[in-house]
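1. Predicted model follows, preceded by the sequence.
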Amino acid sequence: MSCYYTGAGNNSMCYELYDKTRLAPDISIFANVAEEMVNSMGQKVYYWVNTTTALSADVLYGEQPTSVYVGPFLMKMYINLNESSLSQSKFGFNAGDDATSYMAYNNFLRVMSGVSVYQELNHSVEPKAGDVFEMHEYGNDRVNGRTGRYFQITQKRDQNIGEQMNILGGHYGWEMKSMRMEYSWEPCLPQEGVNEQMTLDTFYGKLTSTISCEVSSAPKSYEGSIDEESKKFVFDMNVNDTDMYGTYDLGTNNIVIPMAPTFSFDLPPTQIELTAENLGSMIDANIAEEIQEIEDFIDRENFVRYDIDPLDGGDF
């Protein structure tokens, strides 16, 4: 036991309670288990790499309209999906789907190690915020033209001890937080099937484009507009007086200008109307009456009176 005084681990006959180098075989087993879990129970997804870079993006708008998505690449993810949180939507929030997905390091490297886009971006071969994946296997049997939903990665990390990602202190893969993506007509990224946006015109989104692999908008599949329905069944704004703030035109005859407010006090036996002209005199009269009552009380009780200048600071 003397090794504990000279430094644990310095003596070959003394062992520490936790030594990560000695746990390397166990950590290797957990790494294989993590990879096997994704391979056996994960979902097949299509993955697109976002090629936006901070150097090429417009610093004023924070975007790079000409950047393209590279893909799709078929890979597997273990996904926890939360579809349209009802606990939020019932309070008026438009709660979109969100997903937490997991991949072992080798799950991603096996597919992406030979892709040249990471060398062109000077980026490590790993997932990143802005990348998009489609839940292809989950949504490939949806009806009437629907496809798998698209999700955009908002956060990725390789350690989260609170969710037991790092058993024995090892690092085995990626945890990615993602949000449901509403299509934005970015180059080389397909559109989710039957996910039209409401529009009043005959087209929506992007009409024409000269960017390579850009997707132009198709005509909307329904007739009419929300404005037409609102005029018929809700409120026709064209024939109703909808000016909720009235008018500031003082020349009109129907404008009533309010008079200055007045106040009245019951002072028996007469009622005095209190306005700005006699307010000051009324206050002075009330103060004088209060002072007189105090003086009468002093004289009646035979108190000794001292006349002291408050600015003089004299003593009684």
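-> Arrived safely. Residues are numbered from 1 along each chain as shown.
2. What count of nearby residues applies to residue 72?
-> Residue 72 has 18 neighbours, counted by other Cβ atoms under 10 Å. C-betas here are computed from N, CA, C, even on glycine.
3. all helices of the protein, in order?
-> Using DSSP state H, the helices of the chain run over residues 3-6, 24-41, 86-89, 105-112, 117-121, 136-139, 226-233, 279-300.
4. Nearest to residue 47, out of the ones you listed?
-> Judged by Cβ to Cβ, the one of the helices of the chain that comes nearest to residue 47 is helix 105-112, at 7.7 Å.
5. Okay, angle between that closest one and helix 24-41 too, please.
-> Helix 105-112 and helix 24-41 are oriented at 60 degrees to each other (axes from the mean of the first three to the mean of the last three Cα atoms, to 10 degrees).
6. in helix 105-112, what counts as buried?
-> For helix 105-112, the neighbour count (16 or more other Cβ atoms under 10 Å) marks 105-108, 111-112 as buried.
7. other SSEs contacting that helix?
-> When contacts are defined as 3 or more Cβ pairs under 8 Å, 6 or more residues apart in numbering; DSSP states H and E, helix 105-112 sits against helix 24-41, strand 69-82, strand 173-180.
8. can we see that at 6 Å?
-> Contacting helix 105-112 under the criterion 3 or more Cβ pairs under 6 Å, 6 or more residues apart in numbering; DSSP states H and E is no other helix or strand.
9. same question for that helix, mean pLDDT?
-> Across helix 105-112, the average pLDDT comes to 92.
10. Could you check the angle that helix makes with strand 69-82?
-> 150 degrees.
11. Strand 173-180 and helix 105-112, what's the angle between them?
-> With the same axes, to 10 degrees applied, the angle from helix 105-112 to strand 173-180 works out at 70 degrees.
12. And the contacts of helix 105-112?
-> Residues outside helix 105-112 that contact it (Cβ atoms under 6 Å, 6 or more residues apart in numbering): 35, 38, 73, 75, 125, 173.
13. Distance check, the nearest residue to the last one once chain neighbours are set aside against residue 190.
-> The one in question is residue 173. Distances taken as Cβ to Cβ, 6 or more residues apart in numbering put residue 104 closest to residue 173, at 3.9 Å, once the chain neighbours are dropped. Counting by Cβ to Cβ, to the nearest Å, the separation of residue 104 from residue 190 is 27 Å.
14. neighbour count winner among the two?
-> residue 104 (23 against 17).
15. give me every residue that touches that one.
-> 34-35, 38, 172-173.
16. Farthest pair within those residues?
-> Most distant of the contacts of residue 104, by Cβ to Cβ, are 38 and 172, 10.0 Å apart.
17. burial count for residue 284?
-> By the criterion of other Cβ under 10 Å, residue 284 has 10 neighbours.
18. Per-residue pLDDT of it, please?
-> pLDDT at residue 284 comes out at 71.
19. From residue 142, how far out is it?
-> In terms of Cβ to Cβ, residue 284 sits 86 Å off from residue 142.
20. low-scoring stretches of the stretch 201-316 of the chain, by residue?
-> Counting by pLDDT under 70, the stretch 201-316 of the chain shows low-confidence ranges at 201-212, 214-226, 237, 239-283, 300-316.
21. I am finished for the moment; much appreciated.
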